[in-house]
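S.K.: what follows is a protein structure lacking sequence information:
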Ligand code: GAR
């Protein structure tokens, strides 16, 4: 069985989209894959309750309880790996996980660590992507699924979606339009990756 562990920090709408696609498309039968756990670094993440209501196993690991980024990532790796009998899940999926990861973490999951970022990378890595796209006068915006490498919001691009920027947009309306597309491309990119494993 290919175990998928999803990491979240907040609303968890991408996690829900992935979980619903896994159910609807019978990933267990077709790709021998299942979502083994949803892990949050924030105890108040709304997505935790949503994951539980979908019947998914959840766990939290509060980054504030750790003295350093290295110590937190070390504990996070141990928690993630405890959800796979072989000691390392097939895929670790970052879905609105708002932590910068150490090179040790990224190397540990090299080739099996995916992220979604709300911009058309390589444009606008980092935070406040929609605000920055509007300020730059972009006519199009979007989202990118990519493999995670040590450099923030870089790494091989697996999927992208493009949306128009409308003259009436503010960062919230643009974010909502992009998020709808994220929910479509992330499950697709995960299936493509599962098929290649
Ligand atoms: C999504 O828009 C995702 O692309 C973004 O956070 C949001 C999470 O929403 N991720 C990043 O900005 C990572 N740098 P969700 O919790 O509802 O899936």
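M.R.: On my side now, so go ahead. All values reported here derive from a predicted model rather than from experimental measurement.

S.K.: what about the chain, any weak spots by pLDDT?
M.R.: Within the chain, the set of residues satisfying pLDDT under 70 is empty.

S.K.: what's the longest helix in it?
M.R.: helix 171-196 (DSSP state H).

S.K.: by contact count, what packs against it?
M.R.: helix 13-24, helix 27-31, strand 91-94, strand 113-117, helix 129-135, strand 140-147, strand 157-164 (3 or more C-beta pairs under 8 Å, 6 or more residues apart in numbering; DSSP states H and E). Using the backbone N, CA and C atoms, a C-beta is placed for each residue, glycine as well.

S.K.: mind putting these in TSV, mean neighbour count included?
M.R.: Below are the helices and strands packed on helix 171-196 laid out as TSV (neighbours: other C-beta atoms under 10 Å):
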stretch	mean neighbour count
helix 13-24	20
helix 27-31	15
strand 91-94	24
strand 113-117	23
helix 129-135	18
strand 140-147	22
strand 157-164	17
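
S.K.: output the ones you listed in a markdown table, with distance to residue 1 appended to each entry.
M.R.: Putting these into a markdown table (distance: least, C-beta to C-beta, whole Å) gives the following:
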| stretch | distance to residue 1 |
| --- | --- |
| helix 13-24 | 13 |
| helix 27-31 | 8 |
| strand 91-94 | 12 |
| strand 113-117 | 18 |
| helix 129-135 | 35 |
| strand 140-147 | 22 |
| strand 157-164 | 22 |
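
S.K.: got a markdown table for those, with distance to the ligand too?
M.R.: A markdown table is the format used below for these (distance: least, C-beta to the nearest ligand atom, whole Å):
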| stretch | distance to the ligand |
| --- | --- |
| helix 13-24 | 3 |
| helix 27-31 | 19 |
| strand 91-94 | 7 |
| strand 113-117 | 5 |
| helix 129-135 | 7 |
| strand 140-147 | 6 |
| strand 157-164 | 11 |
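
S.K.: residue 57 is nearest to which of these?
M.R.: helix 13-24 (11.5 Å; C-beta to C-beta).

S.K.: ok, now which ones touch whichever residue of the chain sits closest to the ligand?
M.R.: As assessed by C-beta to the nearest ligand atom, the ligand sits closest to residue 96 within the chain, at 2.6 Å. Going by C-beta atoms under 8 Å, 6 or more residues apart in numbering, residue 96 touches 8-15, 47, 116.

S.K.: let's see that with 6 Å instead.
M.R.: Shown in contact with residue 96 (C-beta atoms under 6 Å, 6 or more residues apart in numbering): 8-10, 14.

S.K.: how about the residues of the chain by the ligand?
M.R.: Applying C-beta under 6 Å from any ligand atom, we find that the chain lies next to the ligand at 8, 10-14, 47, 95-96, 116-118, 143, 179, 182.

S.K.: try 5 Å
M.R.: For the chain, the residues in contact with the ligand (C-beta under 5 Å from any ligand atom) are 10-14, 96, 116, 118.

S.K.: rewinding a little: for the longest helix of the chain, buried residues please.
M.R.: Residues of helix 171-196 classed as buried by neighbour count (16 or more other C-beta atoms under 10 Å): 174-175, 177-179, 181-183, 185-187, 189-191, 193-194.

S.K.: good, we can wrap up now.
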